[in-house]
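**Q** next one to model:
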Amino acid sequence: MMNNLKLGVEVVSAHDLMPKDSEGAANAYVELHFDRQRFHTTVKDRDLNPYWNESFYFNVSDPASLPEMALEAWVYHIDRVKNSKSFLGKVRIAGTSFVNISDATVLHYPLEKRGIFSRVKGELGLKVFLTDDPTVRISDPVAEFDNFMSTPSEASNPIRENQYTTNIPTRTFQHLPRDNHTFPQQYQQQMQQQQPFYTSGSMPPPPLEVPGTSQYPTGDMRQEPPQPRILRMFSSSGQQPIDYQLKETSPTLGGGQVVGGRVISKNKPGTYDLVEQMQYLFVRVVKARDLPAMDVTGSLDPYVEVKLGNYKLKTRYFNKNSRPEWDEVFAFPRERVQASVLEVRVKDKDLLVDDFVGRVQFDLNEVPVRVPPDSPLAPEWYRLQDKEGDKNKGEVMLAVWMGTQADEAFPSAHHADSIPIDPAIASTHIRGKVYPAPRLWYLRVGVIEAQDVLVPEKTRLPEVFVKLRLGNQIIPTRVAQSRNANFHWNEEHMLVAAEPFEEDLTITIEDRHNVSKDEVLGYVHIPLSQVPKRGEDRMVRPQWHSLKRQALIDLDQFKEDKFSSRIHLKLSLDGGYHVLDEATQYASDLRPTMKQLWKPPIGVLELGILNINGLHPMKTRDGRGTCDAYCVAKYGQKWVRTRTIVDNLGPRFNEQYTWDVHDHATVLTVGVFDNCQLGEKSLTNSDGHSHHKDHIIGKLRIRLSTLEAGRVYTHTYPLLVLHGSGVKKMGELHLAIRFTVTSLINSLYVYTRPLLPKMHYLQPLSMMQQDRLRLFAVQIVAQRLSRAEPPLRKEVVEFMSDAHAHLFSMRRSKANFFRLTSVLSGPIAVSRWFSEVCAWKNPVTTVLVHVLHVMLVCYPELILPTIFLYMFLIGLWNYRYRPRYPPHMNTKLSHADSAHPDELDEEFDTFPTSKGLELIRMRYDRLRSVAGRVQTVVGDVATQGERIQSLLSWRDPRATAVFLLFCIIAAIILYATPPQVLAVLSGFYMMRHPRFRRRVPSVPMNFFRRLPARTDSLL
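**A** Numbers count the residues shown, from 1 in each chain. Now for the predicted structure:
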């Protein structure tokens, strides 16, 4: 296949460059390096803010290795007299940040230094994109340097601004995050041919070992792994109940046996080395032909029934079709199969009894074994035979093979575990899937003014406001009043938009007649595809938009309305922010929206979901308790859902997933749910989704910064759920987790970068804005994921994203208070120890503290080294007792086991409340009493601050005069006395013997407490 992929670079401009000549200017040009190709721009003489607007195109020799490449732009100053060049700065853009031309925009990159002693400042504006347009030619090779010094070279292939951005009506999905990068379709196929194929549940081979990171040997899968053996039990608190503790296990996985985080095996590792190998018999039913007519009318309603022992699975049926095409895959667990013959039957759907058409039988001992990455098994035509052995009943195309969960047919197969379920429901709600979350943008809307707004009623002063609507998001501005037809607001609001942009921004101007009546004076619809995108703090040019009127009153008014009303708006899609769609403390992704601002990944996170032990029944079926469990994992922009194991209280999933890690200060969230969409046909809403909500079984969070690189963590996590009746354990989830660092230097450099993107600090959002936008973002993500197949339901997304964590909870309030108390316990313990020193309870210790105090006063340069050495020794001592397991939910820390039932009932109440009046009054009184104590504490703190202010305010003239006299005397004494003497005397005075102390407060304290405060002015 011919390679047409090219990297386009538009060098736009530079700003605030470093002066290099005697006149305080610079002769600047840019030199571009990529894939052993070099181009340069023209020279802009004596200009510190040069403007080029020149385009260059590089040939991409190997699209598969594009993520490992980088574009470098070097800015130089030309000295034509000395025939030399000086370094002005450079920009390096990783290949992971390259996007298609439709998503590209101009970004201004700060210039970086070449070395420690380089003097660099300024920015360079570049637009970098990928294109596969065959009409685009590669730029001419760079001219010789000597010729370039003497005369400025012409731009290499200057391109008009929109020459290659043709408006071709194609539908792309650039908003979906992929493991591979966003390239044109033909090059994605070329990359797939050059690289091994992995399914959504599989993972690539472990990356190469990096110096400084620990790697452990792995091996191939074993066929029959033994049961996990519990090694140790851990708890982050000594008071945690044993049943709620984390348990470390030693299972035998695909890579070998895990002991203490190390994989012990001599075999070669496979792609599924964090889960147990599970053998499956796969049957692919493709199509049939030449089927005989079975009905009286000469028609046939065919479907296929696959029978293996006690298992019996069916395809969908077609009405009156003798050449049906199903293309469905069935998977049977090998460990549960006791039969030796597989039978595939073709039947005719009938009202009473289905007619038998023909069958094909397979001996399981003759079924081939397929191990990925082998090519898929080609299906074959098999002649159907009737019960007498006659083979003139048509043909069916089948493929039968033995495989594991690493097979690419595994995620989309109909599993035998769903036998009690209708096949149509099973295909919709049973299968496991990988869901890419929509790419979210912050839409910034600046409402400046409106002109020529026609108000029908001239007798009153109009109250005009603007209403912004985007989907379910509605934000009104303040009310503006004016005698003329011009209104001013100068307000800025933020909304959340998701790609692809399916909804337009609707802006209406309304007149408020009363509280319940608003009249629309004009409106405008603005497609989000026309809104400019920006990734940095750049000015956005406002634009005028003409307003439309819903109806005209009469012809005279139409004649007066010669000039339409218009509104002045400033719109932009801010891609420099990270749209928070989850609680900040549990964030799994901190990257900005715009892909060009992404940094290369620092590691790989691998998760193996093994099984659930001791699952609690969630519902009854056929008179017995049962559960249809599935797991959901969320990290970054990738959600994964395992298949649903039907009617099983000890389900075994053994599915493995992988994510790229860009920041280890992020959290992996795993939840377990009971599928409630598999019963009888139930009521559905307008979207076709069932009203039955999936039951919550449990959730756990794992912070990546607490994991050691290369270590395999195999633990059983208790699934704890808080109900109105208290905390309850629903089972134990068995996981295998490994975090592999691909670059130790980059992982350490992450600690020096800001936690959030730069725009969060240049134009910060208020707390109220963040909470409101996070609620909007969660609703959008839940709406988009619920439209997938199978749908990820709204209650699942909200539970995984902690959408209601901001609501008040008395239990969480007490937990946070005691957390604060625990943090302050160290300083409080030090103050108590110092009080005992001052009280001479242990004279030897007090004398030693006196000696240490004199030494530190005489040698103050030892204070900071002593403190840091002390902290170093403490950290070194604590290394022996470092945690060797991920943190988990703690019921004691959460105050879940000691919460009052009424507090839990209040926590699970809806918002707004749905409780009775008496109960609300009781809770309100309780909240008033708590708020009263908080009010008293806040008032006492304010009083002490006001007393300090009154020292110099002459509010109490006698006290101020005494304080000023003290200040002048203290200034003279301090000027004449060495500071070491004062420090020694102050220390001895504070640690004086109790016989020299008085039990009444000291004179300074008595003086301070008599100072006035502003409490007298409170009503």
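**Q** from now on I want contacts and neighbour counts done on CA atoms only, so please keep to that.
**A** Noted.
**Q** what sits closest to residue 376 if chain neighbours are left out?
**A** In this structure, residue 376 finds its nearest non-sequential neighbour in residue 370, 7.9 Å apart by CA to CA, 6 or more residues apart in numbering.
**Q** so that neighbour sits against residue 402, correct?
**A** Yes: contact criterion CA atoms under 8 Å: residue 370 and residue 402 qualify, at 6.0 Å.
**Q** so between the two, which is more surrounded?
**A** residue 402 (19 against 16; other CA atoms under 10 Å).
**Q** now the more buried one: phi and psi?
**A** Torsion angles at residue 402 (phi, psi; degrees, to the nearest 10) stand at phi -100, psi 140.
**Q** OK, contacts around it?
**A** Residue 402 is in contact with 279-282, 367-370, counting by CA atoms under 8 Å, 6 or more residues apart in numbering.
**Q** apply 6 Å and report the result again.
**A** Residue 402 makes contact with 280-281, 369, according to CA atoms under 6 Å, 6 or more residues apart in numbering.
**Q** ok, and the closest non-adjacent residue to residue 433?
**A** Distances taken as CA to CA, 6+ apart put residue 641 closest to residue 433, at 5.3 Å, once the chain neighbours are dropped.
**Q** quick one on the thing from earlier: what's the closest of the contacts of residue 402 to residue 138?
**A** Comparing those against residue 138 with CA to CA picks out residue 369 as the nearest, at 48.3 Å.
**Q** and the residue nearest to residue 433, what's its pLDDT?
**A** pLDDT, residue 641: 93.
**Q** swap in the one 4 residues further on?
**A** At residue 645 the predicted local distance difference test score is 88.
**Q** spit out the contact partners of residue 110.
**A** Residue 110 touches residue 123, counting by CA under 6 Å, 6+ apart.
**Q** at 10 Å instead, please
**A** By CA atoms under 10 Å, 6 or more residues apart in numbering, the contact list for residue 110 reads 14-15, 89-91, 120-125.
**Q** ok, residue 952 next?
**A** 959-961, 963-964.
**Q** please pick the buried ones from the residues you listed.
**A** If you count burial by 16 or more other CA atoms under 10 Å, the buried members of these come out as 959-960.
**Q** now, which of the contacts of residue 952 lie within helices?
**A** Mapping these onto helices (DSSP state H) picks out 959-961, 963-964.
**Q** in a markdown table, list the residues you listed along with pLDDT and distance to residue 340.
**A** Output for these, formatted as a markdown table (pLDDT from 0 to 100; distance: CA to CA, whole Å):
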| residue | pLDDT | distance to residue 340 |
| --- | --- | --- |
| 959 | 90 | 101 |
| 960 | 91 | 101 |
| 961 | 92 | 105 |
| 963 | 91 | 100 |
| 964 | 92 | 102 |
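**Q** as a markdown table, those residues with distance to residue 454 would be great.
**A** Below are those laid out as a markdown table (distance: CA to CA, whole Å):
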| residue | distance to residue 454 |
| --- | --- |
| 959 | 65 |
| 960 | 63 |
| 961 | 66 |
| 963 | 67 |
| 964 | 66 |
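**Q** show me which of the residues you listed is closest to residue 777.
**A** residue 960 (56.0 Å).
**Q** surely the closest one meets residue 953?
**A** Yes: counting by CA atoms under 10 Å, residue 960 does reach residue 953; the two are 7.4 Å apart.
**Q** need the contact list for residue 629.
**A** Contacts here follow CA under 10 Å, 6+ apart; on that basis residue 629 touches 430, 612, 615, 618, 642-651, 653, 672-676, 694-697.
**Q** do residue 16 as well
**A** The contact partners of residue 16, by CA under 10 Å, 6+ apart, come to 47-50, 120-124.
**Q** could you do residue 378 as well?
**A** By CA under 10 Å, 6+ apart, the residues touching residue 378 are 284, 397-400.
**Q** show me where the stretch 701-850 of the chain has strands.
**A** Taking DSSP state E, counting those that start in this stretch, the strands of the stretch 701-850 of the chain run over residues 712-723, 726-741.
**Q** can you put these in TSV and add mean pLDDT and distance to residue 756?
**A** Below are the strands of the stretch 701-850 of the chain laid out as TSV (pLDDT from 0 to 100; distance: least, CA to CA, whole Å):
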stretch	mean pLDDT	distance to residue 756
strand 712-723	91	29
strand 726-741	92	21
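**Q** for the stretch 701-850 of the chain, which spans come out with low pLDDT?
**A** For the stretch 701-850 of the chain, no stretch has pLDDT under 70.
**Q** export the strands of the stretch 701-850 of the chain as TSV, with columns for distance to residue 767.
**A** Shown next, in TSV, are the strands of the stretch 701-850 of the chain (distance: least, CA to CA, whole Å):
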stretch	distance to residue 767
strand 712-723	28
strand 726-741	31
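**Q** so in this protein, which helix runs the longest?
**A** Looking across the chain with DSSP H, the single longest helix is helix 917-949.
**Q** who does that one touch, helix- and strand-wise?
**A** Applying 3 or more CA pairs under 10 Å, 6 or more residues apart in numbering; DSSP states H and E, one finds that helix 917-949 makes contact with helix 901-907, helix 1003-1009.
**Q** who does the last one touch, helix- and strand-wise?
**A** In terms of contacts (3+ CA pairs under 10 Å, 6+ apart), helix 1003-1009 is packed against helix 917-949, helix 957-976.
**Q** would you mind pulling the contact partners of that helix?
**A** Taking CA under 10 Å, 6+ apart as the rule, helix 1003-1009 contacts 943-944, 947-948, 950-951, 959, 962-963, 1000.
**Q** need the buried ones from these selected in ChimeraX.
**A** Under the burial definition 16+ other CA under 10 Å, those of the contacts of helix 1003-1009 that qualify are selected in ChimeraX by:
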select :943,944,947,950,951,959
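**Q** now for the contacts of helix 1003-1009: which two are most distant?
**A** Counting by CA to CA, the most remote pair of the contacts of helix 1003-1009 is 950 and 1000, 24.3 Å apart.
**Q** in PDB, list the C-alpha atoms belonging to stretch 60-68.
**A** Backbone C-alpha positions of stretch 60-68 (Å, rounded to 0.1, in the frame of the first residue of the first chain) are rendered in PDB as follows:
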ATOM      1  CA  VAL A  60       6.000  10.000   7.300                       C
ATOM      2  CA  SER A  61       8.200   7.100   6.500                       C
ATOM      3  CA  ASP A  62       6.700   4.700   9.000                       C
ATOM      4  CA  PRO A  63       3.100   5.500  10.300                       C
ATOM      5  CA  ALA A  64       3.400   2.700  12.900                       C
ATOM      6  CA  SER A  65       6.300   4.400  14.700                       C
ATOM      7  CA  LEU A  66       4.700   7.900  14.500                       C
ATOM      8  CA  PRO A  67       3.900   8.000  18.300                       C
ATOM      9  CA  GLU A  68       7.600   7.500  19.000                       C
END
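**Q** buried set for it?
**A** The neighbour-count check on stretch 60-68 (16+ other CA under 10 Å) flags 60, 63-64, 66 as buried.
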